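Chemist: I would like the atomic coordinates for the input below:
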Amino acid sequence: MTTTFEYLSAILIKDYKLDPDALTLDAPLEALGIDSLGVAELLFNLEDEFKITLSPDSVQLLTLGDVVVFIDELIAPAR
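Modeler: Modelled structure (predicted):
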């Protein structure tokens, strides 16, 4: 079974050409070169990949761990 972090990492490596060694739960998105526009794009991609609908409410995602927790909370009811 693939974890959300592993799945997210695969997307970031493929789509954003990020170094796999830089991808840790505590890695700041900004340090990975993902600015606020990049976060919005990533969230749109994650909606498609995880078959979820994100709330239009603003959410603060600063690290990869924040994104993982956010996605896990959204997909948990579907499980």
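Chemist: What ranges does this protein have for its helices?
Modeler: For the chain, helices defined by DSSP state H occupy the ranges 4-16, 36-50, 64-75.
Chemist: Local confidence estimate at residue 56?
Modeler: On the pLDDT scale, residue 56 is placed at 66.
Chemist: whoops, residue 27 was the one
Modeler: pLDDT, read off for residue 27, is 96.
Chemist: gap between it and residue 39?
Modeler: Using Cβ to Cβ, to the nearest Å, residue 27 is found at 13 Å from residue 39. Quick note: C-beta positions are derived from backbone N, CA and C, even for glycine.
Chemist: One more: residue 58?
Modeler: 11 Å.
Chemist: Those two - which one has more neighbours?
Modeler: A count of neighbours by other Cβ atoms under 10 Å puts residue 39 above the other of residue 58 and residue 39, at 18 against 6.
Chemist: my guess is the more buried one contacts residue 30, does it?
Modeler: No - in this structure, residue 39 is not within contact of residue 30 by Cβ atoms under 8 Å, at 9.3 Å.
Chemist: list the contacts for the residue sitting nearest the centre point of the chain?
Modeler: Per Cα atoms, centre = their mean, the C-alpha nearest to the average position across the chain is that of residue 67, at 4.3 Å. By Cβ atoms under 8 Å, 6 or more residues apart in numbering, the contact list for residue 67 reads 8, 29, 42, 46, 61.
Chemist: again with residue 34
Modeler: 16, 42.
Chemist: make it 10 Å
Modeler: 12, 16, 18, 27, 28, 40, 41, 42, 61, 64, 67 (Cβ atoms under 10 Å, 6 or more residues apart in numbering).
Chemist: What helices and strands are in contact with the worst-scoring helix or strand of the chain on mean pLDDT?
Modeler: None of the helices or strands of the chain scores lower by mean pLDDT, DSSP states H and E than helix 36-50, at a mean of 87. Under the contact criterion of 3 or more Cβ pairs under 10 Å, 6 or more residues apart in numbering; DSSP states H and E, helix 36-50 touches helix 4-16, helix 64-75.
Chemist: re earlier: common neighbours of residue 39 and residue 30, please.
Modeler: Common neighbours of residue 39 and residue 30 are listed as residue 62 (criterion: Cβ under 10 Å, 6+ apart).
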